[in-house]
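[1] The following comprises the amino acid sequence and a computationally predicted model.
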Number of protein chains: 6
Amino acid sequence: MLHPSIPNASTPVAPLPAGPIPSGAESRLERGRRALAEIDGNAGTAVIAALADIAPDFATYVFEFPFGDIYSRPGLGLREREIATIAALAALGNAAPQLEVHIEAGLNVGLSRAEIVEVLMQMAVYAGFPAALNGLFAAKAVFARRTARGEG
Amino acid sequence: MLHPSIPNASTPVAPLPAGPIPSGAESRLERGRRALAEIDGNAGTAVIAALADIAPDFATYVFEFPFGDIYSRPGLGLREREIATIAALAALGNAAPQLEVHIEAGLNVGLSRAEIVEVLMQMAVYAGFPAALNGLFAAKAVFARRTARGEG
Amino acid sequence: MLHPSIPNASTPVAPLPAGPIPSGAESRLERGRRALAEIDGNAGTAVIAALADIAPDFATYVFEFPFGDIYSRPGLGLREREIATIAALAALGNAAPQLEVHIEAGLNVGLSRAEIVEVLMQMAVYAGFPAALNGLFAAKAVFARRTARGEG
Amino acid sequence: MLHPSIPNASTPVAPLPAGPIPSGAESRLERGRRALAEIDGNAGTAVIAALADIAPDFATYVFEFPFGDIYSRPGLGLREREIATIAALAALGNAAPQLEVHIEAGLNVGLSRAEIVEVLMQMAVYAGFPAALNGLFAAKAVFARRTARGEG
Amino acid sequence: MLHPSIPNASTPVAPLPAGPIPSGAESRLERGRRALAEIDGNAGTAVIAALADIAPDFATYVFEFPFGDIYSRPGLGLREREIATIAALAALGNAAPQLEVHIEAGLNVGLSRAEIVEVLMQMAVYAGFPAALNGLFAAKAVFARRTARGEG
Amino acid sequence: MLHPSIPNASTPVAPLPAGPIPSGAESRLERGRRALAEIDGNAGTAVIAALADIAPDFATYVFEFPFGDIYSRPGLGLREREIATIAALAALGNAAPQLEVHIEAGLNVGLSRAEIVEVLMQMAVYAGFPAALNGLFAAKAVFARRTARGEG
């Protein structure tokens, strides 16, 4: 066993419910709005609002599919989901605004700054050093904004 | 809070040591070999062995940098590291053999089949449905091989 | 005007309804199944069926979002939608099975073989000659299978 | 048949001539200059002009191959060609300036704003939601500039 | 100076002519056919031949633009051009057949096997270890075929 | 032979030593720092310095692996290494800051402006015209800054 003895200090996140989400109680749109607000906070909501005059239906789809369907699924914690999203966006390297939103989101759902840095550094292995560097500079910008706002 | 109450059933993994790895005791190459064997098992080792006659120095680099440096770092568990790697490789969509190796690796370090499927489905949001589909079919092939070998 | 006088000989496709689709009459899942069957035919359905034992929820999402939501929208004909999809998949170059499915789909909704070849050749400009070549070889394989089946 | 009855309201474009373009009458360079001016208007011409002091031969190639050879081919209308180009550039996500030029071009050759929005939304399926979002924001910027100039 | 004293042992290639190629003497198509035959040998020619029944005009474009225009330009040696092409194709990772053709081409124009391996290993830095690994395995396959044919 | 007679005018670069670099005399970190300073000059060093407050270990990795391991290898000249890097970064199109740094680096190690322009134009063939155009505009910006600083 490689790392046998020291517990991971990162804050655990409240896991997703194991059973199916009772869809009668809440529409996909309502569930997605709630999930987006919890996960991405104001940054995500602002992005969606900017779609209102050009593609309002797409704003609905963003609430419904990524957040109402995927992020609301039981089976994987939000902390793990944000690790996956940050890794993918840094590796793809073509979605800088969304990467910053999800670095914020990762912090919102319980990842530490140090854990996000680890994920981004690891992308040097799979997508190259420039992808990792650009991800780290995105994180630096997000961290600075949060520090200026007095957030962790 | 979106998912308040049910604990995540996935097996916890032994975390990485918090302090610096004493490098005197073990070279980067030795540490990387050990980490690769633990994480990727035979599949990873076979890939490296295939480099022997064309680029033996590159085999050394694979042991040293990804495994001796990155995966051996404290600060993020192996389970989280494999979530990040599976997400990135599925999103990039240009490294099918490595994606299969890391789906194996994810199972080796404690991810459940269901959790890996969640990560791959989520990639539909960030890299498109074809990337998610191809990732899911890679997982299907890996799961079938493991079932045939009597592994979980 | 560059090309003023000769009408485009490609078969026109029946356009999408301009008004909103009455969702009460049919669920997203039902509408998506119907759209997938019409557009992609057996090839698409077979792909989805292959998900049943590993990610049945994802099969549902494929019916619902791409086909129940997007392809069913008024505002763009299916012929134009398949031009967009073939162009994107050939340019991305990382989704060979899906590209073949959508070359089939393009023919199903009224694109001619020659029009599909034009779209693929054009990708040399935006994604490079290898992307165009690999797209053309995918088309060659699809066309040969259809000819063998006695289809246009 | 999915959408049987309502005609597509989008403006038809003058199709390309079916026969070969008589090359004696016009060089590839001349034909390409003319096509670029018609399709991309000032935005495209300005991009090419910016190459004059660093790579004038490349400006010639841009006129000759994409515009003199490809866009001037019979067999696919300019409206369909711009659908393919907008889809590809939005999916690739690494060519923001060219995407804006071709959203302009699409409008110039007869696509409506609503049709371009449909193409961009569809890219969520094939290249992920961030690619679609960034494409939609590019369209928003182009539409605003055209509105400010009094253009449709 | 990092590496001041030992001459590079790789075979020098005959450089390109410094002046403009007199186009009257030879068409772009003829020049491109000749360049492709010299650079890519039979592998390249076979690829183009496979286009004959589906997109013969595209075969002409492949001769004319990449080979008749670009590779025939003075200003950069063929050895340097193949370094650039091998690097780009390995980094993109979505054009495996073309990468093999250009590894052959690199050897044809004077790169050594060891130099090609160096270029591919370097791609680990810019496009990630999987891209480098897949490039190295492509080289391994090409080298084995050439050894079987008795070529260097 | 395509271009038999005129010597390539580009300045030859001092090649790398053929034998192994004696690692006892210098650590990977020291060797990497020295190589980065020689190759990338101040631009590269500034990038690394910006990591100090967020990911200092990653700065160490950048010195050690790309520069201490890869660029310091014998077997390929720095001029050839920069051709490969410029080609890859232009083709990938998702790392604009690093592309500018390596265009500077290419000039530092003996590539001429004209040779860099050739490499970038060639990328139109493999990654599309937008990738080549964006690479050329990056070169234009770098060349202008160097001219303003009185550098070649």
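    Ah, there it is.

[2] near chain C at all, the lengthiest helix in chain A?
    Taking DSSP state H as the criterion, chain A has its longest helix at helix A:28-49. No - applying Cβ under 8 Å from any Cβ of the partner chain, one finds helix A:28-49 separated from chain C by no less than 9.2 Å. Every residue, glycine included, has its C-beta placed from N, CA and C.

[3] Beyond that helix, next helix or strand please.
    helix A:56-62 (DSSP states H and E).

[4] Tell me the buried residues in that following helix?
    The neighbour-count check on helix A:56-62 (16 or more other Cβ atoms under 10 Å in any protein chain shown) flags A:Phe58, A:Ala59, A:Thr60, A:Tyr61, A:Val62 as buried.

[5] So chain A: which segments form each domain?
    The record's domain split for chain A, according to automatic domain parsing, is A:27-73, A:77-152.

[6] Which residues of chain A lie near chain D?
    So far as Cβ under 8 Å from any Cβ goes, chain A lies against chain D at A:47, A:50-51, A:53-55, A:57-58, A:61-62, A:65-66, A:89, A:92-95, A:97-98.

[7] Among the residues you listed, the buried ones, what's the ChimeraX command?
    Here is the ChimeraX command that picks out the buried ones among the residues of chain A next to chain D, judged by 16+ other Cβ under 10 Å:
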select /A:47,51,54,55,58,61,62,65,66,89,92,93,94,95,98
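
[8] just the residues of chain A next to chain D that are near chain E?
    Counting by Cβ under 8 Å from any Cβ, no member of the residues of chain A next to chain D is near chain E.

[9] what's the nearest residue to A:Glu80 if we skip its chain neighbours?
    In this structure, A:Glu80 finds its nearest non-sequential neighbour in B:Ile83, 5.5 Å apart by Cβ to Cβ, 6 or more residues apart in numbering or on different chains.

[10] check contacts around that neighbour.
    A:Glu80, A:Ile83, A:Ala84, A:Ala87, B:Gly106, B:Leu111, B:Glu115, B:Val119 (Cβ atoms under 8 Å, 6 or more residues apart in numbering or on different chains).

[11] Just send those residues back as JSON lines, with distance to D:Ala139 and pLDDT too.
    Formatted as JSON lines, those follow (distance: Cβ to Cβ, whole Å; pLDDT from 0 to 100):
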{"residue": "A:Glu80", "distance to D:Ala139": "34", "pLDDT": "98"}
{"residue": "A:Ile83", "distance to D:Ala139": "32", "pLDDT": "98"}
{"residue": "A:Ala84", "distance to D:Ala139": "29", "pLDDT": "98"}
{"residue": "A:Ala87", "distance to D:Ala139": "29", "pLDDT": "98"}
{"residue": "B:Gly106", "distance to D:Ala139": "38", "pLDDT": "97"}
{"residue": "B:Leu111", "distance to D:Ala139": "39", "pLDDT": "98"}
{"residue": "B:Glu115", "distance to D:Ala139": "37", "pLDDT": "98"}
{"residue": "B:Val119", "distance to D:Ala139": "31", "pLDDT": "98"}
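
[12] Just the ones of those in strands?
    Taking DSSP state E, every one of those sits outside strands.

[13] Averaging pLDDT per element, find the lowest-scoring helix or strand in chain A.
    None of the helices or strands of chain A scores lower by mean pLDDT, DSSP states H and E than helix A:28-49, at a mean of 87.

[14] what separates A:Arg113 from A:Ile103, distance-wise?
    A:Arg113 is 9 Å from A:Ile103, where distance means Cβ to Cβ, to the nearest Å.

[15] Please say which of these two ends up with more neighbours.
    Using other Cβ atoms under 10 Å in any protein chain shown as the criterion, A:Arg113 and A:Ile103 rank with A:Ile103 on top: 30 against 17.
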